[in-house]
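Student: How does the following fold in three dimensions:
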Amino acid sequence: MYRAAMYRPPAFREDRPDRLYEAMRAHPLATLVTQGSTGLMANLVPFTLQTERGPVLQAHLARGNEQVAQLREGAPVLVIFQGPQAYVSPGWYATKRVHGRVVPTWNYIVVQARGTPTLIEDANWLRRQISTLTAAQEQGRAEPWSLDDAPADFLQGQMKGIIGLEIPIAQLEGKWKVSQNQPLENRLGVERGLRADGRAAMADAVAKHAAGD
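Tutor: Take a look at the predicted model:
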């Protein structure tokens, strides 16, 4: 059922759960892809990740979202978490000045999760999921917002318009394409070039691999 997989050359393959979970939590807005009786459908949805009894992805969608009908059909779904990404100029490679046999590429970090969805109507579950999601995004603010800041009747009305989604992860794959297939001098050049371009997140990812992490 879950044989489908993304293209992952050995150099770019990432299967360490802690690394995958870290990327998913850092980039919670993921693409939910379903294939149902009405065809292929995709929407951006912010997810929370629970690992205590999982891993399990949790989210909520508007009841008016047409994808809800496909989720009710119970077919396996694909959730794609996109991390930092950046164009890599061959001009950053030290080897360009040696032999010139270099071409542009694109660096990126991506995690794909597959599983069978369950829709949840329980209001308490929805409140917990929304609280977890907002708390993760509000942390560090001088005055973090919480659900208790909204009037109870207003909140109840808003929650009537959404439905919960839970996806136990049956297959999880990561791909870190961060120039690790290049010699050290090229990786250092890519890091410098990315920082000059304002791509600090990808530059940090390249630096971690250049340091052997």
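Student: Tell me the helices and strands packed up against the top strand by length along the chain.
Tutor: Criterion DSSP state E: the longest strand present in the chain is strand 162-177. The contact analysis (3 or more C-beta pairs under 8 Å, 6 or more residues apart in numbering; DSSP states H and E) places strand 162-177 against strand 13-14, helix 17-26, strand 56-62, strand 105-115, strand 118-120, helix 123-138. Every C-beta, even on glycine, is put in place using the N, C-alpha and C of the backbone.
Student: could I get these as JSON lines with distance to G189?
Tutor: Output for the helices and strands packed on strand 162-177, formatted as JSON lines (distance: least, C-beta to C-beta, whole Å):
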{"stretch": "strand 13-14", "distance to G189": "23"}
{"stretch": "helix 17-26", "distance to G189": "25"}
{"stretch": "strand 56-62", "distance to G189": "37"}
{"stretch": "strand 105-115", "distance to G189": "13"}
{"stretch": "strand 118-120", "distance to G189": "48"}
{"stretch": "helix 123-138", "distance to G189": "35"}
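Student: what's the most centrally placed residue in the chain in contact with, if anything?
Tutor: Centroid-nearest residue in the chain, with C-alpha atoms, centre = their mean: F81, separated by 2.0 Å. The neighbours of F81, taking C-beta atoms under 8 Å, 6 or more residues apart in numbering as the test, are 23-24, 27-28, 30, 47, 110-113.
Student: In three-state terms, how would it be classified?
Tutor: Under DSSP: H, G, I helix; E, B strand; the rest coil, F81 falls in the strand class.
Student: Using CSV, lay out the helices and strands packed on strand 162-177 together with mean neighbour count, mean pLDDT and distance to M159.
Tutor: Below are these laid out as CSV (neighbours: other C-beta atoms under 10 Å; pLDDT from 0 to 100; distance: least, C-beta to C-beta, whole Å):
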stretch, mean neighbour count, mean pLDDT, distance to M159
strand 13-14, 14, 96, 36
helix 17-26, 16, 97, 24
strand 56-62, 20, 98, 9
strand 105-115, 20, 98, 24
strand 118-120, 15, 98, 12
helix 123-138, 15, 96, 6
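Student: Pass me the low-pLDDT residue ranges in this structure, would you?
Tutor: Residue ranges of the chain with pLDDT under 70: 1-4, 210-213.
Student: orientation of the longest strand of the chain relative to helix 123-138 in degrees?
Tutor: Interaxial angle, strand 162-177 versus helix 123-138 (axes from the mean of the first three to the mean of the last three C-alpha atoms, to 10 degrees): 40 degrees.
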